[in-house]
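Enquirer: Please find the sequence and the predicted model below.
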Amino acid sequence: MSLDATGSASGPARRRGRPPKLIPEEVDALVKLVRENPVLSLDDTVASFRRQCGITLSTPTIRKYLLAAGFHFHRQRPSLELLGVEGAVEATPAVKHYGYGAAHRDPGDLVRYPCGLTESEWEQVQRLFDPPGRTGRPEKYPRRQMLDACIYVLRSGCSWRMLPKDFPAWPAVYKTFRRWLARGLFEAMYDELRILWRTRQHRAAHPTAAV
């Protein structure tokens, strides 16, 4: 190391930043592993590389190294020949769209707000909020009306005191909301309505994809 005209030390520049996860030899081992097993998913590649080299990397890191090495990623769909179907012609599957559409828009009616439950929806969840054979003092307000009032506040975001006058008194609605919330009835209602919606769309009642 030597001193320059300003008196500062000069020498080889230090490399700044985070050191690389893999050394060149380990990158070569990763590339070789992928070339020998081109159909492995990223998760399987991570597991195989960990078994082979004893190094655990995340899937984004593996992807970054493979992209730098010139690899390209694409989805593979099993052909009919691999499935044992001979002489069949593969058809391009129709694209399904599950976005927000006209079927999701509920205009309501003369007595029901757009966020209120429809007749079929109320039939699906009535046993949760108004079970048959319920005993005790009769309710002052119908259960469905109380539920629609709770949903109105949750959907519109208004304060309880600004609940429209055609609903029951807001203190009664708020008290009922707190009781139903503690019992987990709103989560149960969501599950029931999700099943109803998926059935209407001719889909499985419960999602099969992991989150």
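Expert: Here it is on my side, so go on.
Enquirer: going forward, measure contacts and count neighbours with C-alpha atoms only.
Expert: Fine.
Enquirer: Pull the number of nearby residues for Gly70.
Expert: Per other C-alpha atoms under 10 Å, the neighbour tally for Gly70 reads 8.
Enquirer: pLDDT weak spots in the protein?
Expert: Applying pLDDT under 70 to the chain flags residues 1-17, 74-110, 209-211.
Enquirer: Outline the domain layout of it.
Expert: If you go by automatic domain parsing, the domain ranges for the chain are 24-68, 108-131+139-200.
Enquirer: tell me how far the ends of the shortest one are from each other?
Expert: Terminal residues of domain 24-68 lie 12 Å apart, using C-alpha to C-alpha, to the nearest Å.
Enquirer: returning to that earlier point: got the domains of the chain as TSV, with distance to His206 and mean neighbour count columns?
Expert: As requested, these are arranged in TSV below (distance: least, C-alpha to C-alpha, whole Å; neighbours: other C-alpha atoms under 10 Å):
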stretch	distance to His206	mean neighbour count
domain 24-68	25	14
domain 108-131+139-200	7	14
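Enquirer: Identify whichever of those lies nearest to Pro207.
Expert: Nearest to Pro207, of all those, is domain 108-131+139-200, at 8.9 Å by C-alpha to C-alpha.
Enquirer: How far away from the center of its chain is that closest one?
Expert: Domain 108-131+139-200 sits 24 Å away from the centroid of its parent chain (C-alpha atoms, centre = their mean, to the nearest Å).
Enquirer: residues touching Phe49, list them.
Expert: For Phe49, the contact set (C-alpha atoms under 8 Å, 6 or more residues apart in numbering) comprises Leu30, Leu33, Ile55, Thr56.
Enquirer: Sorry, slip of the keys, the one I care about is Gly54.
Expert: Counting by C-alpha under 8 Å, 6+ apart, Gly54 makes contact with nothing.
Enquirer: that older thread, in TSV, list the domains of the chain along with distance to Pro207.
Expert: TSV is the format used below for the domains of the chain (distance: least, C-alpha to C-alpha, whole Å):
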stretch	distance to Pro207
domain 24-68	22
domain 108-131+139-200	9
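Enquirer: Using the three-state scheme, assign the residue nearest to Val173 when sequence neighbours are not counted.
Expert: If the residues on either side of it in the chain are set aside, Val173 comes closest to Met146, at 6.0 Å by C-alpha to C-alpha, 6 or more residues apart in numbering. Per DSSP: H, G, I helix; E, B strand; the rest coil, the secondary structure class of Met146 is helix.
Enquirer: thinking Met146 is in contact with Lys175, fair?
Expert: No: look at Met146 against Lys175 with C-alpha atoms under 8 Å: they stay out of range, at 10.3 Å.
Enquirer: can you pull out the strands in the chain?
Expert: Assigned by DSSP state E, the chain shows strands spanning 2-3, 9-10.
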